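Participant: structure, please.
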Amino acid sequence: MSDLIWLSAAQMARLEPCFPKSHGKPRVDDRRVLSSIVFINRHGLRWRDAPREYGPHKTLYNRWKRWSDRGVVARIMAGLAAEHGEETTVLIEATHLKAHRTASSLGVKKGGRGRLIGRTKGGMNTKLHAVCDSHGRPIDLFLTAGPVSDYIGARALVSGLPDAKGLLGDRGYDADWFREALKTRRYVPASRKKRTTPVRYDKRRYKRRNRIEIMFGGLKDWRRVATRYDRCPKTFFSAIARAATVIFWL
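Facilitator: Numbering: from 1, shown residues only. So this is what the prediction gives:
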């Protein structure tokens, strides 16, 4: 069983203050259940394929689904990421995540939201928009359908950008409104080639954008992040937030 425990005692100590309080019957061992969730998301398995040492797969799934619906997993990542202490430069970028056929139904539940899946040249995708610090650690994440442009996704992230001196972004963020929102910052997105009057930018600093690309690569090492199997966008976002928490913030 020791080989299946993915979270150390020190890591659990950091996570426990963020757990919801248990009402009534005590919860099943948190460390074992959360380790099973990491194992499933890391390897892209079905819940019923979880090693029996973790316990009944329905118990594991129910905990995961309940905490995802309540936003517990996302709040844990946000709470840990709030300790970033970044004062120099933040980076913004987006990436496509392939939607498996089991998740690519575009129907909308009665009274619910869409699946945040759309068709692009690469097929059915969800787009992950992210802001990370200068060390390549994700600070803020946001999901949209695949065809949504980068700068539209940035609208949801711009108000929460850390109070750093500068921001790095590629040409996809070269919109006038975005530059206006960032006018108090030292660095701005690279200039689009089709601009009538090109905007100068620091090409040497621009090369540091590779850190956010490396961050995306780390997240996509988790198979349930690289390929979306979950129909529910909340559940899929929780898988991304869990991966980001374990890889970068614990």
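Participant: C-alpha only now, for contacts and for neighbours.
Facilitator: Will do.
Participant: care to break this structure down by domain?
Facilitator: Per automatic domain parsing, the structural domains of the chain span 2-70, 86-231.
Participant: how about those domains in a markdown table, adding mean neighbour count?
Facilitator: Formatted as a markdown table, the domains of the chain follow (neighbours: other C-alpha atoms under 10 Å):
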| stretch | mean neighbour count |
| --- | --- |
| domain 2-70 | 14 |
| domain 86-231 | 18 |
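Participant: what strand or helix carries residue 131?
Facilitator: strand 123-132 (DSSP states H and E).
Participant: so what strands line up beside that strand?
Facilitator: Sheet partners assigned to strand 123-132 using DSSP bridges are listed as strand 89-99 (antiparallel), strand 118-120 (antiparallel), strand 138-145 (antiparallel).
Participant: can you put those strands in a markdown table and add distance to residue 155 and mean pLDDT?
Facilitator: Converted to a markdown table, those look like this (distance: least, C-alpha to C-alpha, whole Å; pLDDT from 0 to 100):
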| stretch | distance to residue 155 | mean pLDDT |
| --- | --- | --- |
| strand 89-99 | 12 | 94 |
| strand 118-120 | 19 | 90 |
| strand 138-145 | 10 | 95 |
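Participant: quick check: which of those is nearest to residue 68?
Facilitator: strand 138-145 (14.6 Å; C-alpha to C-alpha).
Participant: list the contacts of the closest one.
Facilitator: Strand 138-145 is contacted by residues 78, 81-82, 84, 115-118, 125-133, 153, 156-157, 160, 215, 237, 244, 248 when judged by C-alpha atoms under 8 Å, 6 or more residues apart in numbering.
Participant: and stretch 49-68, by the same measure?
Facilitator: Contacting residues not belonging to stretch 49-68 are listed as 1, 32-33, 36-37, 39-40, 47-48, 73-74, 234-235, 238 [C-alpha under 8 Å, 6+ apart].
Participant: all set now, cheers.
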